[in-house]
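In: here is my input, please return the structure:
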Amino acid sequence: MTNRPETSEPDTHSYQLLKVEHPLPELNRFLYATVGAPCMWYMRLPWKWQQWQDYVVRKSIETWVAYQGATPIGYFELEKQPRGNTEIAYFGLVPEFVGQGLGRLLLQDAINKAWDTADNRIWLHTCTLDHANALPNYLNRGFKVFKEEDFEDMIPAEPLQPWEGAAKPT
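Out: Residues are numbered from 1 along each chain as shown. Sure thing, here's the model as predicted:
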(Lines give C-alpha, C1' and ligand atoms only; values in the text may rest on other atoms or scores of the structure.)
Protein backbone atom coordinates (compact mmCIF):
# COMPACT_ATOMS: atom_id res chain seq x y z
CA MET A 1 0.00 0.00 0.00
CA THR A 2 1.64 3.21 -1.13
CA ASN A 3 -1.04 5.73 -0.14
CA ARG A 4 -3.08 6.16 3.00
CA PRO A 5 -6.59 5.07 2.02
CA GLU A 6 -9.65 7.19 2.60
CA THR A 7 -11.77 5.30 5.10
CA SER A 8 -15.44 5.31 5.88
CA GLU A 9 -15.01 3.08 8.93
CA PRO A 10 -16.67 4.43 12.08
CA ASP A 11 -14.39 5.91 14.73
CA THR A 12 -16.12 3.90 17.45
CA HIS A 13 -15.49 0.20 17.89
CA SER A 14 -16.62 -2.46 20.31
CA TYR A 15 -13.04 -2.63 21.54
CA GLN A 16 -10.35 -0.38 22.96
CA LEU A 17 -7.01 -0.26 21.15
CA LEU A 18 -3.93 0.27 23.31
CA LYS A 19 -0.25 0.51 22.44
CA VAL A 20 2.01 -1.61 24.63
CA GLU A 21 4.14 1.01 26.37
CA HIS A 22 6.33 -1.36 28.36
CA PRO A 23 7.38 -4.27 26.13
CA LEU A 24 6.87 -7.68 27.74
CA PRO A 25 8.11 -10.82 25.99
CA GLU A 26 5.46 -12.88 27.80
CA LEU A 27 2.67 -10.73 26.36
CA ASN A 28 3.94 -10.90 22.80
CA ARG A 29 4.48 -14.65 23.05
CA PHE A 30 0.96 -15.12 24.44
CA LEU A 31 -0.54 -13.10 21.58
CA TYR A 32 1.59 -14.84 18.95
CA ALA A 33 0.72 -18.32 20.24
CA THR A 34 -2.98 -17.66 20.81
CA VAL A 35 -3.75 -15.70 17.64
CA GLY A 36 -1.43 -17.78 15.48
CA ALA A 37 -2.46 -21.27 16.56
CA PRO A 38 -5.23 -21.75 13.95
CA CYS A 39 -2.93 -20.42 11.19
CA MET A 40 0.01 -22.61 12.17
CA TRP A 41 2.30 -19.80 13.33
CA TYR A 42 5.14 -21.94 14.55
CA MET A 43 8.41 -20.19 13.72
CA ARG A 44 8.69 -18.21 16.97
CA LEU A 45 7.33 -20.84 19.34
CA PRO A 46 10.81 -22.29 20.05
CA TRP A 47 12.21 -18.84 20.90
CA LYS A 48 13.73 -18.55 24.34
CA TRP A 49 12.70 -15.71 26.66
CA GLN A 50 15.80 -13.68 25.71
CA GLN A 51 14.95 -13.88 22.00
CA TRP A 52 11.47 -12.50 22.72
CA GLN A 53 12.97 -9.82 24.95
CA ASP A 54 15.50 -8.77 22.31
CA TYR A 55 12.71 -8.56 19.73
CA VAL A 56 10.10 -6.61 21.70
CA VAL A 57 12.47 -3.96 23.08
CA ARG A 58 13.66 -2.88 19.65
CA LYS A 59 12.71 0.76 19.01
CA SER A 60 11.38 -0.21 15.57
CA ILE A 61 8.70 -2.52 17.02
CA GLU A 62 5.25 -1.42 18.23
CA THR A 63 2.66 -3.80 19.63
CA TRP A 64 -1.00 -2.76 19.70
CA VAL A 65 -3.63 -4.83 21.53
CA ALA A 66 -7.40 -4.62 21.13
CA TYR A 67 -9.42 -5.27 24.29
CA GLN A 68 -13.09 -5.79 25.05
CA GLY A 69 -13.17 -4.89 28.71
CA ALA A 70 -10.04 -6.51 30.13
CA THR A 71 -9.99 -9.33 27.55
CA PRO A 72 -7.50 -9.16 24.68
CA ILE A 73 -9.31 -9.93 21.42
CA GLY A 74 -6.55 -9.33 18.88
CA TYR A 75 -3.34 -7.53 18.14
CA PHE A 76 -0.89 -6.30 15.58
CA GLU A 77 2.82 -5.62 15.53
CA LEU A 78 4.28 -2.84 13.43
CA GLU A 79 7.91 -2.76 12.39
CA LYS A 80 9.29 0.57 11.22
CA GLN A 81 11.80 0.07 8.42
CA PRO A 82 14.20 2.19 6.39
CA ARG A 83 13.06 4.60 3.66
CA GLY A 84 9.70 5.39 5.24
CA ASN A 85 8.30 1.86 5.16
CA THR A 86 6.33 0.12 7.90
CA GLU A 87 5.50 -3.57 7.95
CA ILE A 88 2.43 -4.96 9.64
CA ALA A 89 4.55 -7.83 10.94
CA TYR A 90 1.78 -9.72 12.74
CA PHE A 91 -1.97 -9.20 12.77
CA GLY A 92 -4.91 -11.25 13.93
CA LEU A 93 -7.72 -12.02 16.32
CA VAL A 94 -7.97 -14.40 19.24
CA PRO A 95 -9.89 -17.38 17.77
CA GLU A 96 -12.99 -16.83 19.93
CA PHE A 97 -13.47 -13.39 18.32
CA VAL A 98 -13.17 -14.43 14.66
CA GLY A 99 -16.32 -14.09 12.56
CA GLN A 100 -17.73 -11.02 14.33
CA GLY A 101 -16.56 -8.39 11.83
CA LEU A 102 -13.71 -7.32 14.07
CA GLY A 103 -10.96 -8.28 11.62
CA ARG A 104 -11.73 -5.51 9.16
CA LEU A 105 -11.94 -2.93 11.94
CA LEU A 106 -8.69 -4.04 13.56
CA LEU A 107 -6.94 -4.14 10.19
CA GLN A 108 -8.10 -0.58 9.48
CA ASP A 109 -6.67 0.44 12.86
CA ALA A 110 -3.39 -1.31 11.99
CA ILE A 111 -3.27 0.52 8.66
CA ASN A 112 -3.93 3.88 10.31
CA LYS A 113 -1.27 3.32 12.97
CA ALA A 114 1.21 2.08 10.34
CA TRP A 115 0.64 5.22 8.25
CA ASP A 116 1.33 7.30 11.36
CA THR A 117 4.91 5.94 11.21
CA ALA A 118 5.35 5.55 7.43
CA ASP A 119 5.54 8.05 4.60
CA ASN A 120 6.35 5.75 1.68
CA ARG A 121 4.46 2.47 2.01
CA ILE A 122 3.08 -0.12 4.39
CA TRP A 123 3.17 -3.78 3.64
CA LEU A 124 2.56 -7.25 5.06
CA HIS A 125 2.96 -10.91 4.25
CA THR A 126 0.19 -13.45 4.04
CA CYS A 127 0.12 -17.11 3.11
CA THR A 128 -2.23 -19.95 2.32
CA LEU A 129 -2.27 -20.97 6.00
CA ASP A 130 -3.86 -17.66 7.05
CA HIS A 131 -7.60 -17.37 7.59
CA ALA A 132 -9.60 -17.64 4.37
CA ASN A 133 -10.78 -14.03 4.80
CA ALA A 134 -7.27 -12.60 5.31
CA LEU A 135 -6.38 -11.84 1.70
CA PRO A 136 -9.84 -10.48 0.81
CA ASN A 137 -9.69 -8.26 3.92
CA TYR A 138 -6.26 -6.93 2.91
CA LEU A 139 -7.40 -6.26 -0.65
CA ASN A 140 -10.64 -4.61 0.51
CA ARG A 141 -8.66 -2.26 2.77
CA GLY A 142 -6.50 -1.11 -0.18
CA PHE A 143 -3.49 -3.43 -0.27
CA LYS A 144 -2.27 -4.65 -3.65
CA VAL A 145 -0.48 -7.91 -4.33
CA PHE A 146 3.16 -7.00 -4.94
CA LYS A 147 4.79 -10.38 -5.25
CA GLU A 148 3.83 -14.03 -4.99
CA GLU A 149 6.32 -16.74 -4.22
CA ASP A 150 6.33 -20.42 -3.40
CA PHE A 151 7.80 -21.34 -0.05
CA GLU A 152 7.90 -24.83 1.37
CA ASP A 153 8.58 -25.62 4.99
CA MET A 154 7.89 -28.43 7.41
CA ILE A 155 4.98 -27.40 9.57
CA PRO A 156 3.43 -29.41 12.39
CA ALA A 157 0.88 -31.99 11.23
CA GLU A 158 -1.63 -31.07 13.93
CA PRO A 159 -3.10 -27.61 14.54
CA LEU A 160 -0.96 -25.74 17.03
CA GLN A 161 -2.15 -25.03 20.52
CA PRO A 162 -1.00 -22.15 22.72
CA TRP A 163 0.11 -24.89 25.12
CA GLU A 164 -0.50 -28.60 25.48
CA GLY A 165 -4.02 -29.37 26.61
CA ALA A 166 -5.58 -26.10 25.39
CA ALA A 167 -8.87 -26.23 23.53
CA LYS A 168 -8.43 -27.03 19.87
CA PRO A 169 -9.10 -24.07 17.54
CA THR A 170 -12.50 -24.18 15.86
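
In: so what does the longest helix seen in the chain touch, helix or strand wise?
Out: In the chain, taking DSSP state H as the definition, the longest helix is helix 102-117. Counting contacts by 3 or more C-beta pairs under 8 Å, 6 or more residues apart in numbering; DSSP states H and E, helix 102-117 packs against strand 16-19, strand 61-68, strand 71-81, strand 85-93, strand 121-123, helix 134-140. In this view, the C-beta of every residue, glycine as well, is placed from N, C-alpha and C.

In: residues in contact with Pro25?
Out: Going by C-beta atoms under 8 Å, 6 or more residues apart in numbering, Pro25 touches Trp49, Trp52, Gln53, Tyr55, Val56.

In: got it, and Leu107?
Out: Applying C-beta under 8 Å, 6+ apart, the residues contacting Leu107 are Phe91, Asn137, Tyr138, Arg141.

In: Trp123: which of those is nearest?
Out: Trp123 has its nearest neighbour among the contacts of Leu107 in Tyr138, at 10.1 Å by C-beta to C-beta.

In: what is the burial count for the closest one?
Out: 20 (other C-beta atoms under 10 Å).

In: separation between it and Gln50?
Out: Separation of Tyr138 from Gln50 (C-beta to C-beta, to the nearest Å) stands at 33 Å.

In: equivalent analysis for Phe91, please.
Out: The spacing between Phe91 and Gln50, counted by C-beta to C-beta, is 25 Å.
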